[in-house]
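S.K.: generate a structure from the sequence data that follows.
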Amino acid sequence: MRTTSIATARRVAVPLLGSAALAVSGLLAALPAQAAGHGVAWTRTCAVDLTPGHAFCNALHVTSSAEHVNAKGVTPNATPSGYGPSDLLSAYNLPANGGAGQTVAIVDAYNDPNAAADLATYRSQYGLPACTTASGCLKIVGETGTSKLPRSNSGWAGEISLDLDMVSAVAPNAHIILVEATSASMTDLGKSVNTAVSLGATEVSNSYGGSESSADTSYDSTYFNHPGIPITVSSGDGGYGVEYPAASPNVTAVGGTSLSKASNTRGWSESVWSTSSTEGAGSGCSAYEPKPSWQTDSGCSKRTVADVSAVADPATGVAVYQTYGASGWSVYGGTSVAAPLIAGVYADAGAHTASVPAKNLYANTASLNDVTTGSTASCSPAYLCTAETGYDGPTGLGTPNGLTAFTG
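M.R.: Next up is the predicted model:
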């Protein structure tokens with residue numbers, strides 16, 4: 001079990017520059033990336049890199065659990081475990097055939113050589129319409145939009161499979177563009193966001209983050225300034241603490257919940273995802289980013305993370321099909337689940353007219369599932385890490401309850 005705090009180290013590393021930041025980054029990247037809680041163990045698919053200007057993915061691959069382990073103690077990969085499309089549509093009151101006319105872009109680093117084939121298996125398993133490169137539904141390009149792809153990376157391949165599957169689960173009729181950045185630097189990932197928009201993306205999902213730095217405000221205008229296009233970003237998996245680009249006021253910062261079936265009217269219940277004070281949904285006050293006019297919480301003078309949330313707890317994880325770096329059906333968690341899921345919800349909602357689509361969430365809070373239980377840490381003011389009625393840091397304004405909050 002991991003004993004070093006990513007969240008604590010992230011807060012320490014944020015103000016560091018040069019060799020000091022590199023030292024912290026190198027230390028964390030070398031640590032065993034595994035955590036356990038709620039009867040579940042998982043591993044981070046990407047090494048943590050806290051060097052300013054670098055990013056890492058927020059995907060957590062479940063390696064064992066009471067539910068997902070067979071009699072021999074091996075995680076089965078012949079059939080899916082974890083939540084599938086019908087579960088997610090039910091939990092978030094979403095239409096069964098959403099996404100028509102929309103193009104969701106997924107931005108990740110490096111190449112997954114099995115991405116198209118694995119996506120075909122996932123969609124076939126759940127009876128979703130095929131989405132292939134031959135039909136034009138799926139496009140896979142490199143950072144500059146050409147067919148030249150970066151080198152393959154098995155860790156980021158897990159993130160890519162997760163992202164493709166989550167968009168497919170909630171927006172099965174959307175087209176998908178996978179843009180594979182040359183590296184996990186913020187400049188390469190940011191250039192890939194620009195490429196995605198230039199290729200016609202109507203929504204862009206980003207399931208990665210890194211330490212905040214004074215350069216972030218320049219990244220905002222260079223890479224994330226795309227009025228009218230929802231850009232979703234995972235808030236991070238290290239508990240209380242802020243990552244970039246989730247901190248950008250130009251994006252929708254997506255936190256995480258634990259999602260369980262329940263005998264209530266909704267049929268589901270949610271709480272803040274938190275395994276420990278150092279593993280859970282990222283949240284808090286940005287050190288650099290200005291507060292957008294539509295965000296009115298009083299505990300942060302600057303931008304507060306998150307805006308909205310969805311399932312992220314590995315113990316209540318989702319089914320993913322991955323063969324590069326894994327051997328078939330897997331279960332994944334992390335806020336990397338939530339970011340593409342919310343991008344898919346935006347695709348279900350259709351055309352977006354607000355300059356910054358996150359603004360609409362704050363005008364339609366009654367159309368979200370308010371998450372009021374759970375916490376990731378002890379902080380002040382408490383709402384930055386503890387759920388409460390209305391807005392809170394780990395879950396933002398809540399989770400989707402239909403499409404009303406995502407339209408306009």
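S.K.: so which helix or strand takes in Ala196?
M.R.: Ala196 belongs to helix 186-198 when elements are defined using DSSP states H and E.
S.K.: just the CA atoms of that helix, as CSV, please.
M.R.: Output in CSV follows, covering the C-alpha atoms of helix 186-198 (Å, rounded to 0.1, in the frame of the first residue of the first chain):
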residue,chain,number,x,y,z
MET,A,186,1.7,20.5,-20.9
THR,A,187,2.8,22.1,-24.2
ASP,A,188,2.4,18.9,-26.2
LEU,A,189,-1.0,18.1,-24.5
GLY,A,190,-2.1,21.7,-25.0
LYS,A,191,-1.2,21.7,-28.7
SER,A,192,-3.2,18.5,-28.9
VAL,A,193,-6.2,20.3,-27.5
ASN,A,194,-5.9,22.9,-30.2
THR,A,195,-5.6,20.2,-32.8
ALA,A,196,-8.7,18.5,-31.6
VAL,A,197,-10.7,21.8,-31.9
SER,A,198,-9.3,22.4,-35.4
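S.K.: tabulate the CA atom coordinates of the very next helix or strand once past it in CSV.
M.R.: Counting by DSSP H and E, the element after helix 186-198 in chain order, helix or strand, is strand 203-206. Output in CSV follows, covering the C-alpha atoms of strand 203-206 (Å, rounded to 0.1, in the frame of the first residue of the first chain):
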residue,chain,number,x,y,z
GLU,A,203,-16.3,18.6,-26.7
VAL,A,204,-12.7,17.8,-25.5
SER,A,205,-11.9,15.4,-22.6
ASN,A,206,-8.6,15.6,-20.7
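S.K.: tell me which helix or strand comes right after strand 203-206.
M.R.: Downstream of strand 203-206, the next assigned helix or strand under DSSP H and E is strand 208-209.
S.K.: packing partners for that following strand?
M.R.: strand 56-57, strand 231-234 (3 or more Cβ pairs under 8 Å, 6 or more residues apart in numbering; DSSP states H and E). No exception for glycine: its C-beta is placed from N, CA and C like everyone else's.
S.K.: need the next SSE after it, C-terminal direction.
M.R.: Next helix or strand after strand 208-209 toward the C-terminus (DSSP H and E): helix 216-223.
S.K.: next one: that next one to chain centre, how far?
M.R.: Relative to its chain's centre, helix 216-223 lies at 20 Å (Cα atoms, centre = their mean, to the nearest Å).
S.K.: stretch 245-263 now?
M.R.: How far stretch 245-263 lies from its chain's middle: 8 Å, per Cα atoms, centre = their mean.
S.K.: which elements pack onto the lengthiest helix in the chain?
M.R.: Criterion DSSP state H: the longest helix present in the chain is helix 154-170. Applying 3+ Cβ pairs under 8 Å, 6+ apart, one finds that helix 154-170 contacts strand 56-57, helix 85-91, strand 103-109, helix 115-125, strand 175-181, strand 318-322, strand 328-333, helix 335-349.
S.K.: for this structure, give me the ranges with low pLDDT.
M.R.: Along the chain, the parts satisfying pLDDT under 70 run over 1-38, 65-78.
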